[in-house]
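Colleague: Next comes the sequence, and after it the predicted model I'd like to discuss.
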Amino acid sequence: MQGYNLAPPWLKLRREFLRHPCMQNVFSEAPREAAVLHLQGADAERFAHAQFASDVHALALQRWQWSAWLDVQGRVRVLLQLARIADTRFLALLRGGDAHALAAALGRFLLRDKLQLTAQRMRLLPGAALAMNEAQLQEHSITLGMDTHSWMLCDVQAESAPAPGITEDAPRANVWLHELRAGWPWLPDAALDALLPPALGLEHLGAVRFDKGCYPGQEIAARLHFRGGNKRELVRLRGAAQATEELLRATPEALQVLLMHRDRANDSVEMLGVLNTSSAAASAYAALIVARYPA
């Protein structure tokens, strides 16, 4: 007797997307765990300001800012949401990557610094709206405000049920779609150590500054800023799932997808990706682009 395939059409399309090399290593939903790095000690601010591309000296207490750590070639090793929790304590939420690897890499630059680097895995819960760049330290969590929602970081070793006072107020799909449309990247493994700051819109986010002291990769980042020459840009695209899959299969060199959201009601996909404008196939994506970052 012949069996029946009861899988809905959107599930088949989802499997095709995830099976295709272009769509592997892509964030297709908000992560449920986050990699977090704690920097604590008398030299925490000085060290973070010297290593990260943002102006850490300007970061006020109970606030967070976009930041990044670059390699000497100016490529983004990790994208961060850096929060000042206390005068000598900072927390960095990694938007992709491994906190233990980051702690080990940063540790090589510690000399006689009075600083402790601690990597931690934390539960990541979307919460209620909180003002952009506000950071709240609570008994059981740390909350980072994203305007229309917030990210709550909770100890992953705690009981499976949220601690008192912690609730998942915002639907994960809604939060994910908002971040995608705002142009706030999460970096899959394939995008780490591979892209320059302009390709991710980091100047627009304020994650890279040129009016501060030297930091790794600053020379190349500044050259791109003042002289141009970047061949990649961050774009948001939307299209029919099957047609978009076929385009990605035919022209994998033109677009590197970072974030994806599937609309199951009409079998369409919305993506945040890095378009290689020097690619001969880049023009094929023109009809799918609905936004560029910065606008």
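Modeller: The structure has been received and is ready for your questions. It should be emphasised that the depicted structure is a prediction, and the values quoted were computed from it without experimental measurement.
Colleague: What separation is there between the residue most central in space within the chain and W151?
Modeller: Geometric centre of the chain, nearest residue: W186, 2.3 Å, by Cα atoms, centre = their mean. Using Cβ to Cβ, to the nearest Å, W186 is found at 11 Å from W151. All C-beta atoms are positioned from the backbone trio N, CA, C, and that covers glycine.
Colleague: Overlap of the contact sets of those two?
Modeller: Common contacts of W186 and W151 (Cβ atoms under 8 Å, 6 or more residues apart in numbering): none found.
Colleague: ok, back up a step: the residue nearest to the centre of the chain reaches R95, doesn't it?
Modeller: Yes. W186 lies in contact with R95 (Cβ atoms under 8 Å); the separation is 4.8 Å.
Colleague: Find the residues that touch each one of those two.
Modeller: Counting by Cβ under 8 Å, 6+ apart, the shared contacts of W186 and R95 are L79.
Colleague: Residue ranges in the stretch 1-150 of the chain under the pLDDT threshold?
Modeller: 1-24 (pLDDT under 70).
Colleague: ranges for the strands of it?
Modeller: 33-40, 63-70, 76-86, 89-94, 116-127, 135-137, 141-145, 150-155 (DSSP state E, counting those that start in this stretch).
Colleague: Make a markdown table out of these and add distance to A182 and mean neighbour count.
Modeller: Listed next are the strands of the stretch 1-150 of the chain as a markdown table, based on distance: least, Cβ to Cβ, whole Å; neighbours: other Cβ atoms under 10 Å:
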| stretch | distance to A182 | mean neighbour count |
| --- | --- | --- |
| strand 33-40 | 18 | 20 |
| strand 63-70 | 12 | 24 |
| strand 76-86 | 13 | 23 |
| strand 89-94 | 16 | 23 |
| strand 116-127 | 14 | 19 |
| strand 135-137 | 18 | 18 |
| strand 141-145 | 13 | 21 |
| strand 150-155 | 13 | 22 |
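Colleague: sorry, back to before: element containing the residue nearest to the centre of the chain, please.
Modeller: Assigning secondary structure by DSSP states H and E places W186 outside every helix and strand.
Colleague: so what pLDDT did it get?
Modeller: Predicted confidence (pLDDT) for W186: 98.
Colleague: Am I right that R89 is in contact with L39?
Modeller: Yes. Judged on Cβ under 8 Å, R89 makes contact with L39 at a distance of 7.2 Å.
Colleague: how long is stretch 193-212 from one end to the other?
Modeller: With Cα to Cα, to the nearest Å as the measure, stretch 193-212 spans 23 Å from end to end.
Colleague: Please work out which residues outside that stretch touch it.
Modeller: Stretch 193-212 has contacts (Cβ under 8 Å, 6+ apart) with 49, 53-55, 57, 65-68, 70-71, 74-77, 79-80, 183-185, 187, 218, 220-222, 224-225, 230, 232-234, 256, 274, 293-294.
Colleague: got the buried residues for it?
Modeller: For stretch 193-212, burial by neighbour count (16 or more other Cβ atoms under 10 Å) applies to 195-205, 207-209, 212.
Colleague: Please narrow those to those residing in helices.
Modeller: L202, E203, H204, L205 (DSSP state H).
Colleague: With R121 as the reference, measure out to the first one.
Modeller: Distance of L202 to R121, computed by Cβ to Cβ: 25 Å.
Colleague: next one: the third one
Modeller: The gap separating H204 from R121 is 30 Å, by Cβ to Cβ.
Colleague: residues in contact with G41?
Modeller: Per Cβ under 8 Å, 6+ apart, neighbours of G41: T88, D113, K114, L115, Q116.
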